[in-house]
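1. Quick check, what structure comes out for this input:
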Amino acid sequence: MTVNVIAHITAKPGKRGEVLAAFKANVPAVHAEKGCIEYNAVVDMEGVGGFQAKLGEDSFAVIEKWETMDDLMAHAASAHMKAYGAKTKDLLDKRVIHILTSA
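-> Below you'll find the predicted structure:
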């Protein structure tokens, strides 16, 4: 069973760039983890018609795909994720994580 994750991250005003820099620095360690299929930060695409619901200038989403729930849980407990969390915790306003499976 593939595990899909969409995390909506909202930085404090004006801090998204700093959070994204820390995120991008952590990506190689995450990609090296067992079971990581996809792990990528995304922001609003510009120039899209009126049907787009924007995340906003202080927000981004993380699109993740893991082979198993155990792989996701190991990722969440990893030393590099704990370090990333400590580095960014004072820069964040809100974090909402959705763990999803195919319908």
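2. Identify each of the helices in this protein and give its residue range.
-> 16-31, 69-77, 79-88 (DSSP state H).
3. Could you tell me which ranges of the chain sit under the pLDDT cut-off?
-> Residue ranges of the chain with pLDDT under 70: none are present.
4. and Ala77, how many neighbours?
-> 9 (other Cβ atoms under 10 Å). Heads up, the C-betas are built off the backbone N, CA and C, glycines and all.
5. Need the helices of the chain in JSON lines (columns: distance to Glu46).
-> Shown next, in JSON lines, are the helices of the chain (distance: least, Cβ to Cβ, whole Å):
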{"stretch": "helix 16-31", "distance to Glu46": "15"}
{"stretch": "helix 69-77", "distance to Glu46": "31"}
{"stretch": "helix 79-88", "distance to Glu46": "25"}
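6. Any idea which residue is closest to the centre of the protein?
-> Val62 (2.9 Å; Cα atoms, centre = their mean).
7. Contact partners for it?
-> Val5, Ile6, Ala7, Ile9, Phe23, Tyr39, Asn40, Ala41, Val42 (Cβ atoms under 8 Å, 6 or more residues apart in numbering).
8. ok now do the fourth one, which residues does it touch?
-> The neighbourhood of Ile9, defined by Cβ under 8 Å, 6+ apart, consists of Val19, Ser59, Phe60, Ala61, Val62, Leu92, Lys94, Arg95.
9. Over to the last one?
-> If a contact means Cβ under 8 Å, 6+ apart, then Val42 has Phe60, Ala61, Val62, Ile63 as its contacts.
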